[in-house]
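*Asks:* model the following, please.
(chains A and B)
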Amino acid sequence: MINIKEDEKLSPLNHSCAHLMAHAIKNLYPKALFWVGPFIKEGFYYDIDLGDDFIKEEDLEAIEREMKKLAKKNKRIYKEILSRDEALEMFKNDPYKVDLISELEGKISVYKQDDFIDLCRGPHVESTKELRHFKLLKVSGAYFKGDSKNKMLQRVYGICFENEEDLKEHLNFLEEVKKRDHKKIGQELELFMISEYGSGFPFWLPKGMVIRKTLEDFWYKEHIKEGYEFIQTPIMLSKDLWEVSGHYTNYKENMYFSNIDDKEFAIKPMNCPGGMLVYKNTLHSYRDFPLRVGELGLVHRHEASGALNGLFRVRTFTQDDAHLFMTEDQIESEIVNLINFIDRMYSVFGLKYSIELSTRPEEKYIGDISIWNRSEKALASACEKAGKEFKINEGDGAFYGPKLDFKVLDAIGREWQCGTIQLDMNLPERFDLHYIDKDGSKKRPIMLHRVIYGSIERFIGILIEHYSGAFPLWISPMQISIIPVNNEHHLKYSLEIEEKLKAKGLRVEVDSRDEKMGYKIREKQTGKVPYTLIIGDKELDENMISYRKYGEEKTAQVSLEGFISVILSEIDMKK
RNA sequence: GCCCUUUUAGUUCAGUGGUAGAAUAGUUGAAUGGUAAUCAACAGACACAAGUUCGAUUCUUGUACUGGGCACCA
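*Replies:* Numbers count the residues shown, from 1 in each chain, chains lettered A, B, ... in the order given. Next comes the predicted model:
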């Protein structure tokens, strides 16, 4: 996956291409006014005010043609330095540029090509002739200065490369992304659906449910190894609780409510308040620590309609949550444990990841600065002790504490935010949590929230795209499909095999429909079933089975016992 | 929520100011098969509401939904 932002050659190229596009748009839409046109990770864009006119997707081709025409003229791109007054004079008829100039300090630089001139810091390529291998990708709306209170401008995105091969490669990558789309694969493989009666509320279909259940079972098993206990808290609780937790004041717009017997109830957007009540249910001693309490908690959040996106952004989802309670000097070792745990969980799926440490916000934060400093240090040194590199996001922590974010990298190099470990100084205070220390005094525990999958729904979405729908055997909804060559002669033997495989806990089916085997094999391949067994005269006579692995064309012949042991060890290794 | 976009059969797509056509899935029948699609018959759809019109699936408006962005993600 490319990152133009970090490429010294591609970033000026894309920046210049943004200007070339603006130039072309200016020629085609004389009324157009331009705000800014930077290069980004995946290309460039320009924000444009076209008055009451619009650029539509189908207009992009015409703009591209105009760009090619301009580029061919081989105009030199040169820089000029102006004083503020000169700049203001030059752009006096363009309110956007005047606005921009007013935000800049010192001398103003502009770039010129032919009759087009634009404010810009640069750098740019030397001539328009270098801009040849580009593609305009999409149009959309974008708020002026990124503020939803402002007017919406039109944004056109594109990307530029040094040569045609790189451009082609990138366009192929975009095709690949489309092919892997979990919404598409989820429908094709009948994993989940979303009804028009509830956008943002996914339904799990039988096959998707197998995946979900498998991930949940695995999650429980691994958490037991790590010394966790489990709870389940109600999805609906009195509004009073959300006032104590602070969610009612800060998060009301995103919560669902219901009135019962004239009392207001809220559907939980987070599991923590319920977890706090469980903690308070008993008196705690320092001897109980670290206390690790997990909950696969179903939460509901009223996300903006435009934010919804398949399983990635939904209105109801299951967090693989846990709350950990400890003393201050247990923070570091507990975080080291967690990092190693998360590492183990991700590596099972072949997911690489990076860690980011977010520290105390400049202004809006609560709690003692000395606790902030100590816990930030604990998070950092835990990463070091676990042997993990991390990036620091200064001031990016939540108001209630610093955090470590885990971003997983999928099979085609895209990043997804999944796990997070957050220290929380807010809730223990609000809920007045305490424990009895060695000396018999009451103390406030340190509390961590953490998730590993993040949201099970979202994680499955990521896995679908990561594996492109071809799940490893242990997760695959249907593991083995048995095809009798002829129902009359081979069905009985097939059913016997099915029986034996089922007895081993495998997910098996016999496809006994009256169809030709070529047809069935095709279906198993498009359905991405890991193993297909073919049972005919040959297998019957020799008391063997023939199997074909997903994605391979060859067939292997083995005894049933041999096959079972191969399969079971593959499941065991989670390959 | 905002901008643009989309909506025709279970699914993927054609098409029209005089209510629609295919592929595939489905049902039924025939075919008994050796590694990516056997043949035939049947059945199945214009998102919803209002307007324009003799007549609207088609045009207009609104609503809902889809997709891509933006904003949001205490």
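*Asks:* what lies in contact with stretch A:219-232?
*Replies:* A:274-275, A:278, A:291-297, A:320, A:322, A:337, A:341, A:344-345, A:452-453 (CB atoms under 8 Å, 6 or more residues apart in numbering). To be clear about C-beta, it is placed using only N, CA and C from the backbone, and glycine gets the same treatment.
*Asks:* what about those, which are in strands?
*Replies:* Among the contacts of stretch A:219-232, the members found in strands (DSSP state E) are A:291-297, A:320, A:322, A:452-453.
*Asks:* any part of the helix or strand where A:R522 lies near RNA strand B?
*Replies:* In this structure, A:R522 sits in helix A:517-526 according to DSSP states H and E. Yes. Under the criterion of CB under 7 Å from any atom of the strand, RNA strand B is reached by helix A:517-526 at A:517-519, A:521-522, A:525-526.
*Asks:* just checking, what packs against the next helix or strand after that helix?
*Replies:* Using DSSP H and E, the next helix or strand after helix A:517-526 towards the C-terminus is strand A:531-535. Here strand A:531-535 touches strand A:480-484, helix A:487-503, helix A:517-526, strand A:545-549, going by 3 or more CB pairs under 8 Å, 6 or more residues apart in numbering; DSSP states H and E.
*Asks:* who does strand A:531-535 pair up with?
*Replies:* strand A:480-484 (parallel), strand A:545-549 (antiparallel) (DSSP bridges).
*Asks:* what is the orientation angle of that strand with helix A:487-503?
*Replies:* On the basis of axes from the mean of the first three to the mean of the last three CA atoms, to 10 degrees, strand A:531-535 is oriented at 140 degrees to helix A:487-503.
*Asks:* which parts of the stretch 201-350 of chain A sit against RNA strand B?
*Replies:* Residues of the stretch 201-350 of chain A lying close to RNA strand B (CB under 7 Å from any atom of the strand) are A:247, A:250-251, A:269-270, A:272, A:303-310, A:313.
*Asks:* if any of the residues you listed are buried, give me the PyMOL selection for them.
*Replies:* Here is the PyMOL command that picks out the buried ones among those, judged by 16 or more other CB atoms under 10 Å:
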select buried, chain A and resi 247+251+269+270+272+303+310+313
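*Asks:* and the helices in the stretch 251-400 of chain A, which stretches?
*Replies:* A:272-280, A:331-348, A:369-385 (DSSP state H, counting those that start in this stretch).
*Asks:* contacts for the last one, please.
*Replies:* Which is helix A:369-385. A:328, A:331-333, A:335-336, A:339, A:355, A:357, A:359-360, A:365, A:389-390, A:392, A:401-404, A:421, A:423, A:425, A:446.
*Asks:* contacting residues for the residue of the stretch 401-550 of chain A found nearest RNA strand B?
*Replies:* At 2.2 Å from RNA strand B, A:G536 is the closest residue in the stretch 401-550 of chain A, using CB to the nearest atom of the strand. By CB under 8 Å, 6+ apart, A:G536 lies in contact with A:484-486, A:490, A:546.
*Asks:* ok, back up a step: what's the closest of the helices and strands packed on strand A:531-535 to A:K149?
*Replies:* helix A:517-526 (48.9 Å; CB to CB).
*Asks:* packing partners for the closest one?
*Replies:* Helix A:517-526 packs on strand A:480-484, strand A:531-535, going by 3+ CB pairs under 8 Å, 6+ apart.
*Asks:* any chance of those strands in TSV, plus mean neighbour count?
*Replies:* Below are the helices and strands packed on helix A:517-526 laid out as TSV (neighbours: other CB atoms under 10 Å):
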stretch	mean neighbour count
strand A:480-484	25
strand A:531-535	24
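*Asks:* need the ones you listed in TSV with mean pLDDT, can you?
*Replies:* What follows is the helices and strands packed on helix A:517-526, written out as TSV (pLDDT from 0 to 100):
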stretch	mean pLDDT
strand A:480-484	97
strand A:531-535	97
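*Asks:* dump the strands paired with strand A:531-535 to TSV, plus distance to A:K69.
*Replies:* Output for these, formatted as TSV (distance: least, CB to CB, whole Å):
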stretch	distance to A:K69
strand A:480-484	56
strand A:545-549	53
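*Asks:* still on that earlier bit, wait, which of the ones in strands among the contacts of stretch A:219-232 is closest to RNA strand B?
*Replies:* Using CB to the nearest atom of the strand, the ones in strands among the contacts of stretch A:219-232 come closest to RNA strand B at A:G297, 12.2 Å.
*Asks:* setting aside sequence neighbours, what's the nearest residue to that closest one?
*Replies:* Among residues not flanking A:G297 along the chain, A:N271 sits closest, at 3.6 Å (CB to CB, 6 or more residues apart in numbering).
*Asks:* which residues sit against stretch A:512-524?
*Replies:* By CB under 8 Å, 6+ apart, stretch A:512-524 touches A:481, A:483-485, A:487, A:491, A:494, A:511, A:532, A:534, A:548, A:550.
*Asks:* try 10 Å
*Replies:* For stretch A:512-524, the surrounding residues in contact (CB atoms under 10 Å, 6 or more residues apart in numbering) are A:478, A:480-487, A:490-491, A:494-495, A:509, A:511, A:529-536, A:548, A:550.
*Asks:* now stretch A:357-368
*Replies:* Counting by CB under 10 Å, 6+ apart, A:369, A:372-376, A:379-380, A:382-383, A:390-405, A:420-426, A:428-430 sit against stretch A:357-368.
*Asks:* can you mark which positions in stretch A:45-60 are buried?
*Replies:* Burial within stretch A:45-60, assessed by neighbour count using 16+ other CB under 10 Å, is assigned to A:45-49, A:55, A:59-60.
*Asks:* ok now that stretch, how far from the chain's centre?
*Replies:* For stretch A:45-60, the separation from the chain centroid amounts to 29 Å (computed by CA atoms, centre = their mean, to the nearest Å).
*Asks:* that stretch and RNA strand B in contact?
*Replies:* Yes. Stretch A:45-60 is in contact with RNA strand B by CB under 7 Å from any atom of the strand, via A:54, A:56-57.
*Asks:* domain parsing for chain A?
*Replies:* A:4-179, A:185-467, A:480-573 (automatic domain parsing).
*Asks:* measure stretch A:192-211 end to end?
*Replies:* Taking CA to CA, to the nearest Å, the first and last residues of stretch A:192-211 lie 11 Å apart.
*Asks:* in it, which residues are buried?
*Replies:* Buried residues in stretch A:192-211, counted by 16+ other CB under 10 Å: A:192, A:194, A:200, A:202, A:204-205, A:207-208, A:210-211.
*Asks:* need the contact list for the spatially most central residue of chain A.
*Replies:* Geometric centre of chain A, nearest residue: A:W416, 3.4 Å, by CA atoms, centre = their mean. Applying CB under 10 Å, 6+ apart, we find A:W416 in contact with A:312, A:351, A:353, A:406-410, A:454, A:458-459, A:461-462, A:465-466.
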